[in-house]
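Q: Here is my input; please provide its structure:
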Amino acid sequence: MLYETIAVIVLIFPISLVATWPLRNDVSKSWQLLVMIAGPIGDAWLTWLLMDWLEMGFMATWTTTISVGIISTILLQPMFSPRRLLVFRLAGEQIRRKPRQAALMMAGLLVASSIITSS
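A: Numbers count the residues shown, from 1 in each chain. Have a look, this model is predicted:
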């Protein structure tokens, strides 16, 4: 369990640090910065613990662990950084205003990414 914990820290820490470092001047308290860096590591570790307890396979466990760490990094930032929150609000407003255009853009991105991955 120690090796897996170290692996989670080594895999998620650089991702959360790179995503959080530009926001270091936006947060008002130092504990918020610590939560933005350590929060995804804790979430990923708890996910690994759950997946290991459920006896999932190696690839499923680690893929889910890394995915939860990245998603947690993305979703924790708007809670503490006003700059990131503004981007989320503008995107949500754009989707509500022009839902057809947003759906068309998502479909185009889906087709483009499937073409790229299939070649």
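
Q: mind listing the helices in this structure by residue range?
A: For the chain, helices defined by DSSP state H occupy the ranges 2-20, 30-53, 58-80, 82-97, 99-118.

Q: For the shortest one, buried residues please.
A: If you call a residue buried by 16 or more other C-beta atoms under 10 Å, then helix 82-97 has these buried ones: R84. (Glycine included, C-beta is placed from N, CA and C.)

Q: next one: the longest one
A: Within helix 30-53, the residues that count as buried by 16+ other C-beta under 10 Å are 32-33, 35-41, 43-45, 47-49, 51.

Q: now swap in the third one and tell me
A: By neighbour count, with 16+ other C-beta under 10 Å as the criterion, the buried positions of helix 58-80 are 61-62, 64-66, 68-70, 72-73, 76-77, 80.

Q: Return the closest of the residues you listed with respect to M106.
A: Nearest to M106 among those: I70, at 19.4 Å, using C-beta to C-beta.

Q: how many neighbours does the nearest residue to the closest one once chain neighbours are set aside have?
A: Excluding the flanking residues, the one nearest I70 by C-beta to C-beta, 6 or more residues apart in numbering is I15, at 6.1 Å. Applying other C-beta atoms under 10 Å, we find 18 residues neighbouring I15.

Q: With only the CA atoms kept, save the worst-scoring helix or strand of the chain on mean pLDDT in CSV.
A: Least confident helix or strand of the chain, by mean pLDDT, DSSP states H and E, is helix 82-97 with a mean of 82. Extracted in CSV, the C-alpha atoms of helix 82-97 (Å, rounded to 0.1, in the frame of the first residue of the first chain):
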residue,chain,number,x,y,z
PRO,A,82,-12.1,33.9,-9.3
ARG,A,83,-10.3,33.9,-12.6
ARG,A,84,-11.2,30.2,-13.2
LEU,A,85,-14.8,30.8,-12.0
LEU,A,86,-15.3,33.5,-14.6
VAL,A,87,-14.3,31.2,-17.4
PHE,A,88,-16.8,28.5,-16.2
ARG,A,89,-19.5,31.1,-15.9
LEU,A,90,-18.9,32.5,-19.4
ALA,A,91,-18.9,29.0,-20.9
GLY,A,92,-22.2,28.1,-19.1
GLU,A,93,-23.8,31.3,-20.3
GLN,A,94,-22.7,30.7,-23.9
ILE,A,95,-24.2,27.2,-23.7
ARG,A,96,-27.5,28.5,-22.4
ARG,A,97,-27.6,31.3,-25.0
